[in-house]
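Novice: sequence first, then the predicted structure:
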Amino acid sequence: MNFFLADVETGVGPFMATYFVSARHWNPAQIGLILAAQKITSVAAQVPAGWAIDQTKFKKWLMATTAFLIGVGALLIAVLKSVAAQIANQAMVGILTAIATPLVAAISLGVVGRQALGHRIGRNESFNHAGNLITASLAGYLGYVAGLKWMFYACGGLGLVCAGTTFLIHGEDIDDAMAREAPEDQAAGVTAAGFRDVLAKPFFIVFATAIVLFHIGNAAMLPLVGEELPHDSGHSSSIYMSACIVMSQLVMIPVAFASGRLADHIGRKPIFLVGFLALISRGLLFALSRNPNYLVGVEALDGIGTGISGVLTVLIVSDLAQGTGRFNFLQGTMQACLGLGSFLGNLVAGLSAKSFGFPATFVGLACVAIAGLVLFALKMPETLHRESAERNLRAGTA
């Protein structure tokens, strides 16, 4: 499910900027608004989506429906002709992705529990990145030989495959109490902490702010590269864009897999700081040249930053939510912070690139990431509960 969901949910996202420049001849500000539309609705929907996932007992049905509709949204990218229609389509996709991301984490936690969550999230992300890699390769090839719109048609078809795969999950294997981090002595009941108590947990605000800053710096970098490529590579832009994604996803697969395992050994904080350093380096290096081959090489750093962030965000939220019964609500809130950062990054970067050029914009995004690194390093403690981690590791070994 993770493999095919990646194909549908994010597999074509970075190609949108290239498609809109090459096929529609829209400017960076217009493209920024389209990309930002998904983030606006995603931010608005994340918290209620997390609350609903805590309540529902029909998780696999919800996932199947969501995957199918995201595939429809991918298909409409090639069909809709106006900026306004594309904004509306991406707004719909934003709501759907707000449901999909925390739902995957909830199903994972409900199936394996806290003892194996680090390993499972790392494995989830590895399959997710493998799906992105395959889709990016297929999309780049289709874009080159048949036209850019065909990669969106292919992604729409994969939505059906993802929905079908979801039904291979046995609903009875999902422990709904475990999937929301219910208190251990009340796992069979419905008791949960109040929303204010959850949001007021120590250091949640610090982590949420760090996540916003990380994704302000991260979200717009690859779309900006997609806008630069047609200027120097012409008809081959889809191939170079595909190479960028393949390069980063190849790195993400082992990084995500290792991050899930190392997080229980050396802690969450040092691993996340490495992710920040990779993001900063990427932004500064992108500012130095727009040679297509160079850009592909630099994009490998995204494999480190995003690979780490995808795994560690879920694990830190799980640490903060332990015993509250509000894991998915808290996960939805954190995903809203992620979406807010992505929205602000795409909006500001699009306007900045139009006014000041691409190199200055990349440096500015790196500076935002530096602010996030400093905040996380100085104010965020280690959230790994050492005694619990030791029990988990012993249980995993057994």
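Specialist: Cool, the structure landed. Residues are numbered from 1 along each chain as shown.
Novice: quick check: which ranges of the stretch 51-200 of the chain have low pLDDT?
Specialist: 136, 139-140, 143, 184-195, 197, 200 (pLDDT under 70).
Novice: for it, just list every one of the helices.
Specialist: Remark: helices assigned in the stretch 51-200 of the chain by DSSP state H, counting those that start in this stretch are 59-79, 83-112, 117-145, 149-166, 195-199.
Novice: is it possible to export these to CSV including distance to A6 and mean neighbour count?
Specialist: The C-beta positions use only the backbone N, C-alpha and C, and glycine is treated the same way. Compiled in CSV, those are given as follows (distance: least, Cβ to Cβ, whole Å; neighbours: other Cβ atoms under 10 Å):
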stretch, distance to A6, mean neighbour count
helix 59-79, 11, 21
helix 83-112, 10, 22
helix 117-145, 3, 22
helix 149-166, 9, 20
helix 195-199, 29, 14
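Novice: could you redo these as a markdown table and give each row distance to V43?
Specialist: Listed next are those as a markdown table, based on distance: least, Cβ to Cβ, whole Å:
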| stretch | distance to V43 |
| --- | --- |
| helix 59-79 | 17 |
| helix 83-112 | 8 |
| helix 117-145 | 21 |
| helix 149-166 | 23 |
| helix 195-199 | 16 |
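Novice: out of those helices, the one nearest G339 is which?
Specialist: helix 83-112 (7.3 Å; Cβ to Cβ).
Novice: which helices and strands does that closest one pack with?
Specialist: Packing partners of helix 83-112 (3 or more Cβ pairs under 8 Å, 6 or more residues apart in numbering; DSSP states H and E): helix 2-9, helix 28-55, helix 59-79, helix 117-145, helix 327-356.
Novice: in a markdown table: those helices, plus distance to G307.
Specialist: What follows is the helices and strands packed on helix 83-112, written out as a markdown table (distance: least, Cβ to Cβ, whole Å):
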| stretch | distance to G307 |
| --- | --- |
| helix 2-9 | 13 |
| helix 28-55 | 21 |
| helix 59-79 | 22 |
| helix 117-145 | 7 |
| helix 327-356 | 15 |
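Novice: out of the ones you listed, which is closest to L301?
Specialist: That would be helix 117-145 among the helices and strands packed on helix 83-112, by Cβ to Cβ, at 14.4 Å.
Novice: measure how far that closest one is from the centre of its chain, please.
Specialist: Relative to the centre of its chain, helix 117-145 is centred 12 Å away, using Cα atoms, centre = their mean, to the nearest Å.
Novice: who does that helix touch, helix- and strand-wise?
Specialist: helix 2-9, helix 13-19, helix 83-112, helix 149-166, helix 237-266, helix 300-321.
Novice: relative to helix 300-321, how tilted is it?
Specialist: 150 degrees (axes from the mean of the first three to the mean of the last three Cα atoms, to 10 degrees).
Novice: that older thread, to V206, which of the helices of the stretch 51-200 of the chain lies closest?
Specialist: Of the helices of the stretch 51-200 of the chain, nearest to V206 by Cβ to Cβ is helix 195-199, at 12.7 Å.
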